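Sequence unavailable; structure follows:
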Ligand code: HEM
């Protein structure tokens, strides 16, 4: 599994960090998403998918 | 396709915690249906969870209010001659579209990150403790809204923005007037302008005394927003930051007191609070009906052609009860249900900027309230609790409570 994020779409809602702070963080300056693990291990795959589906700005994609 | 048409939006609630039954029935028949607006415009009523998300997430819909057909007949004919007054005010980014929305929201996003808000937990905890101590000092009964639910988020947002809480008389009552569906357009506008003046004075003061340790001083220090933008941004944060959370704390407490089996879960398992807050948000929603959007282009959704210029009402309370998203018993409060994915904070680029703050205020607020007052009870008959049926943000006007120990 591969996670990719698009900072230009991100609206800094924090939903991804709320869902899995091991995978995502937020930039201190403008609150946009910072990806911590591009290839999540098995135990984070479910939360990676959840974060992608919760993102209000569709800024997270899973492939 | 034959379409279901509602001549007007049902807004009467048969029970205090549930959206109007008629609107839920409409969702069962047609998650996207037609709705007549007060000028005769045939717009749309969207009640399905998936469909609400799709529209709120779409760049083809605008949130600029001067594009909306009005829902409320009372406002018709009262509107100012020119549409200028309905145009979004620069800085009120809730009512602005990209690129202005993106530019302005980004100036604040760094201040509302999950990490920053978590760092406030301890401080918010002391505000809650102080307010509960104050409530206890009143004896054995109090109005929970006046003594707890409204002060806590007001104190928090005032301190964050650098607004003097002792000046709350300059915004609390006027906020209520702006949100009241009983206010005329002029009354609401006048209230708006008084708060706007208060905010302009705030900006002037902060510019004269730079270096303050608050969000508005930080915002001004960036030099990015114009003075007008900065004062409207401050106003948006002040309004959105106190009324909403206050109403969740107020009607949320009422709800828990009326569902003792659910309240017991919270008391027995303190760690249940995070999901409990999500479920209370899903179940109560508090935005009375709405928000609205206006289509910028022709868009087809689920076989319905929404035309450019059409006004769309997204019914969040009913979407949050959609069995397709929340299977089982979506009409019931169930603190153990996985409730994430509700749209009580909206969806799309306007999704609530203050949601991480609101979550922390609610988690700490509900937890400490029931720890400190384990035998808290309603001090009137449930039917006597005055409901905010006349307000854009639903909730309770007051909540008389009592305790023995
Ligand atoms: C339980 C409490 C709250 C609820 C239910 C709530 C709900 C909402 C909703 C539904 C929206 C989107 C409206 C739309 O799409 O038209 C929104 C936007 C917003 N909220 Fe909240 N809110 C709450 C607390 C707060 C707090 C504490 C703040 C404070 C600082 C805040 C600040 C904002 C702002 C600035 C926006 C506009 C965002 C934008 O347009 O990009 N809210 N809120």
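Looks like it arrived, so ask away. Keep in mind the model is a prediction, meaning the values are calculated, not measured.

what ranges do the strands span in the stretch 1-150 of chain B?
B:5-6, B:32-36, B:42-46, B:61-62, B:141-143 (DSSP state E, counting those that start in this stretch).

can you check the stretch 251-400 of chain B too?
Taking DSSP E, counting those that start in this stretch as the criterion, the stretch 251-400 of chain B carries its strands at B:292-295, B:299-301, B:304-306, B:311-314, B:377-378, B:400-402.

Please work out the average pLDDT along the fourth one.
Looking back up the chat, that one is strand B:311-314. In this model, strand B:311-314 carries a mean pLDDT of 98.

Pull up the pairing partners for that strand, direction included.
Using DSSP bridges, strand B:311-314 pairs in its sheet with strand B:42-46 (parallel), strand B:292-295 (antiparallel).

Whether that strand contacts the ligand - can you check?
No: if you take C-beta under 6 Å from any ligand atom as the test, strand B:311-314 misses the ligand, and the best it gets is 8.1 Å. Every C-beta, even on glycine, is put in place using the N, C-alpha and C of the backbone.

do the host helix or strand of residue B:174 and the ligand meet at all?
Following DSSP states H and E, one finds residue B:174 within helix B:172-179. No: residues of helix B:172-179 contacting the ligand under C-beta under 6 Å from any ligand atom: none, with a closest distance of 12.7 Å.

Next SSE downstream of that helix?
Using DSSP H and E, the helix or strand that directly follows helix B:172-179 along the chain is helix B:185-208.

what's the distance between that next one and the middle of its chain?
Relative to its parent chain, helix B:185-208 has a centroid offset of 21 Å by C-alpha atoms, centre = their mean, to the nearest Å.

for that helix, packing partners?
Judged by 3 or more C-beta pairs under 8 Å, 6 or more residues apart in numbering or on different chains; DSSP states H and E, the packing partners of helix B:185-208 are helix B:172-179, helix B:215-221, helix B:227-258.

Compare these and give me the one nearest chain A.
helix B:215-221 (11.5 Å; C-beta to the nearest C-beta).

burial measure for the residue in chain B positioned nearest to the ligand, as a count.
Here chain B gets closest to the ligand at one residue, residue B:354, 2.0 Å apart by C-beta to the nearest ligand atom. Taking other C-beta atoms under 10 Å in any protein chain shown as the neighbour definition, residue B:354 ends up with a count of 22.

Torsion angles phi and psi at it?
Per-residue torsions, residue B:354: phi -100, psi 10 (degrees, to the nearest 10).

Provide a list of residues in contact with it.
Residues counted as contacts of residue B:354 (C-beta atoms under 8 Å, 6 or more residues apart in numbering or on different chains) are B:112, B:237, B:240, B:241, B:244.

ok, 7 Å please
Contacts were defined as C-beta atoms under 7 Å, 6 or more residues apart in numbering or on different chains; by that measure residue B:354 touches B:112, B:240, B:241.

Look at the last one and report its pLDDT.
In this case it means residue B:241. Confidence score, pLDDT, at residue B:241: 93.

nearest residue to it other than its sequence neighbours?
Closest residue in space to residue B:241, ignoring its immediate chain neighbours: residue B:157 at 3.5 Å, by C-beta to C-beta, 6 or more residues apart in numbering or on different chains.

so how many other residues sit close to the one you found?
Taking other C-beta under 10 Å as the neighbour definition, residue B:157 ends up with a count of 24.

how close does the nearest residue to residue B:325 once chain neighbours are set aside sit to chain A?
Among residues not flanking residue B:325 along the chain, residue B:49 sits closest, at 4.0 Å (C-beta to C-beta, 6+ apart). Noted for residue B:49: a distance of 12 Å to chain A, by C-beta to the nearest C-beta, to the nearest Å.

worst average pLDDT in the helices and strands packed on helix B:185-208?
Looking at those, the lowest mean pLDDT belongs to helix B:172-179 (a mean of 88).

Show me which residues of that one are buried.
Residues B:172, B:174, B:175, B:176, B:177, B:178, B:179 are the ones in helix B:172-179 that count as buried (16 or more other C-beta atoms under 10 Å in any protein chain shown).

Noted, bye for now.
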